[in-house]
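In: Everything below, folded, please.
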Amino acid sequence: MSFSERTLVVLAAAAGLLGIALAAGAAHVTGGTNLDTAARFLLAHAPALLAIAALVERGAIGPRMGRLAGFTLLIGLALFCGDLSLRALRGEALFRLAAPTGGVVLMIGWALVGLAALAGGARNTA
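Out: Alright, predicted model coming up:
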């Protein structure tokens, strides 16, 4: 497994860990709605990041586009979930329009996943 795929797996694990932590925090912290939303996004994307790393490693999707997709999703998660978490815990934004920017970056990341599948991988025979 290359460094890029290992990095995606490590950051996917971090997303899962943070998702669980934020879900627990949402149950006990005022402003829990923002934390709950951030937790759900992290928990939904953690397995997706693992899958992207596995698909790249297996050669099922285009490796460059697949890696770009994974890291784009991570940037979107950091912006979106970071902003929601800061708003819930400190009452302040990461920066103006961080959450919507993160949401758009997440959508771009998912589009890149589709493009990576269309690009195919090294072992794609069909």
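
In: Low-confidence regions, this structure specifically.
Out: Filtered on pLDDT under 70, the chain yields the residue ranges 30-31, 122-126.

In: rerun that using 90 as the cut-off
Out: 1-11, 13-35, 88-89, 119-126 (pLDDT under 90).

In: quick one: the helices in it?
Out: 3-28, 32-58, 63-90, 98-119 (DSSP state H).

In: helices or strands up against the first one?
Out: Packed against helix 3-28 by the contact rule (3 or more Cβ pairs under 8 Å, 6 or more residues apart in numbering; DSSP states H and E) you find helix 32-58, helix 63-90. C-beta here means a position set from N, CA and C on the backbone, and glycine is covered the same way.

In: would CSV of the helices of the chain with mean neighbour count be doable?
Out: Shown next, in CSV, are the helices of the chain (neighbours: other Cβ atoms under 10 Å):
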stretch, mean neighbour count
helix 3-28, 17
helix 32-58, 20
helix 63-90, 21
helix 98-119, 17
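
In: if we can go back for a sec, let me have the helices and strands packed on helix 3-28 in a markdown table, extended by distance to residue 19.
Out: Below are the helices and strands packed on helix 3-28 laid out as a markdown table (distance: least, Cβ to Cβ, whole Å):
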| stretch | distance to residue 19 |
| --- | --- |
| helix 32-58 | 3 |
| helix 63-90 | 8 |
